[in-house]
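A.B. asks: what shape does this take:
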Amino acid sequence: MLGFEKFAQILDEIANNLPEEIYVELNGGVNLLPNCKIHPESKDGELFVLGDYNHNHLGRYINIYYGSFMQTYGYYDEAALSEKIAHTLKHEFVHHLESLAGEKDLEIADAEFIARYKARLNE
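C.D. replies: Numbers count the residues shown, from 1 in each chain. Now for the predicted structure:
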């Protein structure tokens, strides 16, 4: 299992290699939180939130949840986990950029994913 400090280093490296332009208006930056976040639609706490994009009275920011990553991918080696971190961070940046553009395509796709998840639970 990758420790919090090493995870933070990997996240920083990935974030620092993204184009500077995508950070426009992301005044709260990218934050690594130690906790595990369970999706509110999760049955029995089995669906974890790896990251989320926030636009509220505090501004615009991305949270990445170390605990959720460890619960979901804690057995991955460093290279594979780095790919998952990069994928999640880029996903949250798409939310940010779509928010700036007034678009909601990824938000709709995420909602469809949750709808499919809930439908499987009801089968």
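A.B. asks: wait, is His95 part of a helix?
C.D. replies: Yes: if the criterion is DSSP: H, G, I helix; E, B strand; the rest coil, then His95 is within a helix.
A.B. asks: what ranges do the helices span in this protein?
C.D. replies: Applying DSSP state H to the chain gives helices spanning 4-16, 66-73, 78-101, 105-121.
A.B. asks: and the third one, what does it pack against?
C.D. replies: So the one you mean is helix 78-101. Secondary-structure packing of helix 78-101 (3 or more C-beta pairs under 8 Å, 6 or more residues apart in numbering; DSSP states H and E): helix 4-16, strand 51-56, strand 59-65, helix 66-73, helix 105-121. Placement of C-beta: from N, CA and C, glycine included.
A.B. asks: and Glu41, which of those is closest to it?
C.D. replies: Proximity to Glu41 (C-beta to C-beta) singles out helix 105-121 among the helices and strands packed on helix 78-101, at 5.3 Å.
A.B. asks: next, the angle helix 78-101 makes with that closest one.
C.D. replies: Orientation note: helix 105-121 sits at an angle of 120 degrees relative to helix 78-101 (axes from the mean of the first three to the mean of the last three C-alpha atoms, to 10 degrees).
A.B. asks: average pLDDT for helix 105-121, rounded please.
C.D. replies: Mean per-residue pLDDT for helix 105-121: 94.
A.B. asks: distance from that helix to the middle of the chain?
C.D. replies: 16 Å (C-alpha atoms, centre = their mean, to the nearest Å).
A.B. asks: how many neighbours does His39 have?
C.D. replies: Neighbours of His39 under the rule other C-beta atoms under 10 Å: 16.
A.B. asks: I misspoke; the intended subject was Leu33.
C.D. replies: With other C-beta under 10 Å as criterion, Leu33 counts 14.
A.B. asks: make 190 the starting number, not 1.
C.D. replies: Got it, the first residue is 190 from now on, which makes the last one we talked about Leu222.
A.B. asks: check contacts around it.
C.D. replies: Leu222 is in contact with 252-256, counting by C-beta atoms under 8 Å, 6 or more residues apart in numbering.
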